[in-house]
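J.: Sequence and predicted structure, then a few things I'm wondering about:
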Amino acid sequence: MGKAVWAALLAVLSAIAAAFDLPLGWLGGAPPPVETGVTVKVLAVGQGDAILIRTPEQTVLVDTGDTSETGRLRSALRKESVRRIDKLIVTHPHRDHIGGAATVFRLCDVKEVFDNGQPTTTSVYREYLKAIRKQGIPSRTLRDGDELDLGGGAVLRVLSPTQEMVDERGMQNGKVNLNLNSLVARLEYGDFSMMLTGDAEALTEMGILKRHEPEMLRCNLLKAGHHGSRTSSVTAFLRALGADAALVSCGEDNEYHCPHPSVLARYEAEDMDVYRTDRDGTVTVRTDGKTYIIATERGKKAAAGTKS
């Protein structure tokens with residue numbers, strides 16, 4: 001079969017898959033995610049998190065956005081031609097992080113699932129577990145000290161939660177606060193590093209400062225905790241990170257006023273640039289392990305850096 005004919009056939013099959021919400025993986029193995037380096041995309045999926053990481057060997061998705069924004073997630077995955085996800089990582093079982101999981105399982109060939117192992121009683125969480133069991137996807141929990149090899153020299157180093165934290169169920173003022181046990185991990189590739197924080201709040205951040213040496217915390221970029229809520233990004237944590245910029249995943253005109261003005265003031269005080277999906281669209285970071293560049297979907301900002 002000639003290349004032109006095959007290309008036309010593949011286009012037709014892709015259109016059929018899109019029309020009927022079929023997994024794109026059935027069309028065959030996807031090409032390597034990126035040829036060289038690492039690309040991180042903080043996807044614009046409204047008031048929720050979905051972060052796509054691509055290395056020369058793997059495609060990784062951290063969180064899946066909200067149930068109300070699955071259309072945006074679906075569009076983003078198709079735009080990025082994501083057919084296979086080697087690792088799906090769910091930082092914690094709040095709806096705005098786990099809500100699009102059903103869409104991911106339906107559209108993509110998911111090879112492994114990782115989460116913090118803290119259960120909740122919501123229907124969204126139950127459906128998430130049901131899909132994993134039904135599809136027979138290997139799954140495991142992550143704890144402080146674990147490392148995930150993302151291929152091509154990229155590593156995800158977990159800094160929180162500890163087993164003790166999960167055993168205590170994130171209790172705060174007599175109530176369970178699922179944010180406190182969000183997975184926090186440092187993405188490392190050569191001299192480049194980026195802190196991924198889920199919805200970790202101040203108590204989690206301070207615990208990380210106590211448990212880890214300063215060199216384990218320094219990073220180039222911060223994915224802002226809890227969508228830039230005033231519950232996160234305490235000054236001591238920001239100073240320990242020494243990041244050049246904060247990337248905020250938040251919805252347009254959201255009712256939570258994220259990113260909060262007080263947090264933006266903290267970023268400014270630490271001389272951090274701010275990129276936010278509500279204004280800039282999807283924020284893309286590309287790095288060769290020595291330098292990095294940030295670009296935005298709406299083209300309003302672009303920056304490059306080398307600090308390690």
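T.: Good, I have the coordinates. These figures come from a predicted structure and were not determined experimentally.
J.: Residue ranges of each domain in this protein, please.
T.: 1-30, 33-305 (automatic domain parsing).
J.: where in the stretch 51-200 of the chain is pLDDT low?
T.: By pLDDT under 70, the stretch 51-200 of the chain has no low-scoring segment.
J.: about what we covered before: want to try JSON lines for the domains of the chain, with mean neighbour count as columns?
T.: C-betas here are computed from N, CA, C, even on glycine. Shown next, in JSON lines, are the domains of the chain (neighbours: other CB atoms under 10 Å):
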{"stretch": "domain 1-30", "mean neighbour count": "12"}
{"stretch": "domain 33-305", "mean neighbour count": "20"}
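J.: just the helices in the stretch 201-308 of the chain please.
T.: 202-211, 235-241, 261-269, 277-280 (DSSP state H, counting those that start in this stretch).
J.: looking at those helices, which is closest to V45?
T.: With CB to CB, the closest approach to V45 among those belongs to helix 277-280: 7.6 Å.
J.: Now do the same for that closest one: mean pLDDT, whole number.
T.: Mean per-residue pLDDT for helix 277-280: 94.
J.: So what's the gap between that helix and the chain middle?
T.: For helix 277-280, the separation from the chain centroid amounts to 16 Å (computed by CA atoms, centre = their mean, to the nearest Å).
J.: cool, and stretch 199-209?
T.: On CA atoms, centre = their mean, the centre of stretch 199-209 falls 17 Å from the chain's centre.
J.: what do you get for stretch 51-66?
T.: For stretch 51-66 - counting by CA atoms, centre = their mean - the centre lies 7 Å from the chain centre.
J.: Stretch 181-199 too?
T.: Using CA atoms, centre = their mean, the distance from the centre of stretch 181-199 to the centre of the chain it belongs to is 9 Å.
J.: Could you do stretch 124-142 as well?
T.: Relative to where its chain is centred, stretch 124-142 has its mean C-alpha point 18 Å off (CA atoms, centre = their mean).
J.: For I53, see how far away V285 is.
T.: Taking CB to CB, to the nearest Å as the measure, V285 and I53 are separated by 10 Å.
J.: list the residues that contact both of the two?
T.: Taking CB atoms under 8 Å, 6 or more residues apart in numbering as the criterion, V285 and I53 both touch T39, V40, K41.
J.: Could you give the average pLDDT over the one helix or strand the last one maps to?
T.: Spelled out, it's K41. Assigned by DSSP states H and E, K41 belongs to strand 38-42. Across strand 38-42, pLDDT averages out at 98.
J.: export whichever helix or strand comes after it as CSV, just CAs?
T.: The helix or strand immediately downstream of strand 38-42 is strand 51-54, counting by DSSP H and E. Extracted as CSV, the C-alpha positions of strand 51-54 are listed here (Å, rounded to 0.1, in the frame of the first residue of the first chain):
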residue,chain,number,x,y,z
ILE,A,51,-0.3,18.2,32.9
LEU,A,52,1.2,16.4,30.0
ILE,A,53,4.8,15.3,30.1
ARG,A,54,6.6,13.9,27.1
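J.: What is the subsequent helix or strand relative to strand 51-54?
T.: Next along the chain from strand 51-54, counting by DSSP H and E, comes strand 59-62.
J.: just checking, what packs against that following strand?
T.: strand 51-54, strand 84-85, strand 87-90 (3 or more CB pairs under 8 Å, 6 or more residues apart in numbering; DSSP states H and E).
J.: which sections of the stretch 201-308 of the chain are below the confidence cut-off?
T.: Using pLDDT under 70, the stretch 201-308 of the chain drops low at 300-308.
J.: which residues of it fall in strands?
T.: Taking DSSP state E, counting those that start in this stretch as the test, the strands found in the stretch 201-308 of the chain are 221-223, 245-248, 273-276, 283-287, 292-296, 302-305.
J.: Of all these, which one comes closest to C258?
T.: strand 245-248 (7.2 Å).
J.: closest to T162 among the shared contacts of V285 and I53?
T.: Among those, V40 lies closest to T162 (CB to CB), at 25.7 Å.
J.: Could you pull out the helices in the stretch 51-200 of the chain for me?
T.: With DSSP H, counting those that start in this stretch as the criterion, the stretch 51-200 of the chain has helices spanning 70-79, 95-98, 101-107, 123-135, 163-167.
J.: As CSV, those with distance to G251 would be great.
T.: Formatted as CSV, these follow (distance: least, CB to CB, whole Å):
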stretch, distance to G251
helix 70-79, 10
helix 95-98, 9
helix 101-107, 18
helix 123-135, 18
helix 163-167, 28
